[in-house]
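A.B. asks: Sequence first, then the predicted structure:
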Amino acid sequence: MNRGKGMRTGVLLLGVMLFVQGCTPAQHVFQEEPVIQSAKPEVAEASRTLHLLTSYSYEEGDAGAFEKSRNVNIQRKLTSRSSVEEILAALDSSNPPDLIELDYGQMSGLINFDTFEDLSMPPYNAVEAANRYFPGLSLERFRSLKNMKLVFMPRSLHAGVTFYRADVLKENGFPSDPEQLGTYMESSERWLQMTRALAKKGKRTMQQPTDPFEIYGFTNGFFRSNGSFVRNTNAYIDALRIARAAYKEQLPLGASIWDAAGQEALRSGELVMFVNGEWATEQLSEWLPKLADKWQITRLPFNQYGIISGWVYAIPKQSKNKEAAWAYMQYQLENEQRYRASLYSSKWYDKLAPVYTTPLDAQASAIWDKEIGWRYTTLMTPERVIETIESTIRSELSDQLSFFAPHDTNGVHLGNQ
């Protein structure tokens with residue numbers, strides 16, 4: 001099994017996925033909790049079949065053993081990782097799936113549909129299972145906003161991490177040990193000082209001036225459950241200050257690791273640090289076979305902990321084999337314990353900040369990226385820039401913000417969350 005290969009395409013497809021979700025027709029995302037009608041009763045033979053809709057191209061463990069022990073025949077149907085519409089079409093078909101395995105990034109496009117089982121309620125015990133397999137993990141991001149039902153169950157989560165050239169940092173007097181470097185970079189001031197010092201020697205720790213926003217983006221959404229804006233905080237104001245300084249002082253490389261110039265900078269030793277998903281280790285080995293052993297991994301700068309990708313489960317309400325679907329989820333969760341323990345994310349479940357998944361995330365992200373992509377170059381104060389972007393997002397999404405519960409001007413919730 002080549003798990004890295006399965007994940008390599010994740011970051012490339014992420015932008016496509018967000019674009020597709022951002023263009024999802026309004027009737028599919030913002031109607032008042034539509035209930036997809038149950039399919040017609042299946043023939044008796046179908047009760048022995050578990051229909052699995054998945055974009056997960058490989059499985060852990062021996063599914064044959066599960067099928068034999070449960071007297072179940074698993075029929076797997078592969079779907080695109082980037083198509084929420086494909087999942088919705090399957091749910092509304094005459095032969096809907098009993099269980100869905102979907103990309104972590106697809107949750108926002110499905111969160112507003114009242115079509116999934118609440119896995120926190122009997123006969124399921126997803127909260128207990130989450131505590132066992134993801135100890136300390138906050139489950140807010142997997143809950144629907146309207147009624148806080150636990151509609152998604154994580155299967156595996158992949159952390160955003162920092163890749164760095166340990167030899168270069170050591171030669172220049174900076175911590176090279178992963179733990180020591182993680183602690184050192186908790187301070188944005190120290191991180192900026194290191195970036196400046198290395199830039200003077202032709203070494204880059206930034207790809208673009210907006211890198212600090214990407215780091216915070218791994219750890220934050222856009223809205224709380226009451227509709228208040230998440231990003232109007234001192235952390236984002238500080239990120240803008242760093243971005244502005246980096247732009248003015250020409251500290252970034254000005255290229256991405258996903259383009260030819262960025263990869264050449266990796267090979268030449270000019271780019272010595274970047275942030276990505278933990279699965280990018282294999283990508284480095286392909287790009288830099290002679291230098292891969294010089295790269296090490298530590299946590300994100302600025303004392304941030306975030307998830308960049310992963311896989312989750314959902315059981316449709318019209319599933320004809322809910323018991324088998326739940327049993328299969330537990331079976332794979334158990335089988336993948338060793339794999340999850342190998343991930344950096346497993347060390348940090350309890351450090352992940354609560355994040356709310358909303359159907360406006362993709363649209364808000366597109367507006368944010370467009371606005372922040374040029375406003376950091378202006379003379380407007382950082383505080384005013386963030387306020388302006390929030391105002392722009394609220395204005396462009398004004399007809400959809402009623403989705404959230406009411407809140408006052410201080411973001412205090414006025415009703416049940």
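C.D. replies: Perfect, I can see it now. Numbers count the residues shown, from 1 in each chain.
A.B. asks: need the helix or strand of the protein with the lowest average pLDDT.
C.D. replies: helix 26-29 (a mean of 36; mean pLDDT, DSSP states H and E).
A.B. asks: Contacts for the helix or strand following that one next, please.
C.D. replies: Proceeding N to C from helix 26-29, the next assigned helix or strand is strand 49-54, under DSSP states H and E. The contact list for strand 49-54 (CB atoms under 8 Å, 6 or more residues apart in numbering) reads 72-79, 87, 90, 95-102, 321, 324-325, 328. (Each C-beta comes from the backbone N, C-alpha and C, glycine too.)
A.B. asks: if you set the cut-off to 6 Å instead, what comes out?
C.D. replies: In this structure, residues lying in contact with strand 49-54 by CB atoms under 6 Å, 6 or more residues apart in numbering are 72-77, 79, 90, 97-101, 321, 324.
A.B. asks: how about low-confidence regions in this structure?
C.D. replies: In the predicted model, the chain carries pLDDT under 70 at residues 1-47, 58-62, 81-82, 405-417.
A.B. asks: can we see that at 90?
C.D. replies: 1-48, 55-65, 68-70, 78-84, 112-113, 125, 145-147, 224-227, 400-417 (pLDDT under 90).
A.B. asks: longest strand anywhere in it?
C.D. replies: In the chain, with assignment by DSSP state E, the single longest strand is strand 153-165.
A.B. asks: Which other helices and strands does it contact?
C.D. replies: Here strand 153-165 touches strand 273-277, strand 295-298, strand 307-314, going by 3 or more CB pairs under 6 Å, 6 or more residues apart in numbering; DSSP states H and E.
A.B. asks: about what we covered before: buried members of the contacts of strand 49-54 into PyMOL, please.
C.D. replies: To isolate the buried members of the contacts of strand 49-54 in PyMOL, using 16 or more other CB atoms under 10 Å:
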select buried, resi 72+74+76+79+90+97+98+99+100+101+321+324
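A.B. asks: Return the subset of the contacts of strand 49-54 lying in strands.
C.D. replies: Mapping the contacts of strand 49-54 onto strands (DSSP E) picks out 73, 74, 75, 76, 77, 99, 100, 101.
A.B. asks: for those, which one is nearest residue 125?
C.D. replies: residue 99 (16.3 Å; CB to CB).
A.B. asks: Tell me if I'm right that the closest one and residue 323 touch.
C.D. replies: No - between residue 99 and residue 323 there is no contact under CB atoms under 6 Å: 11.1 Å.
A.B. asks: Touching both of the two, which residues are there?
C.D. replies: In contact with both residue 99 and residue 323: no residue, using CB under 6 Å, 6+ apart.
A.B. asks: if we can go back for a sec, tell me how far the helix or strand just after the longest strand of the chain lies from the chain's centre.
C.D. replies: Once the chain leaves strand 153-165, the next helix or strand it forms, by DSSP H and E, is helix 166-171. Relative to its parent chain, helix 166-171 has a centroid offset of 30 Å by CA atoms, centre = their mean, to the nearest Å.
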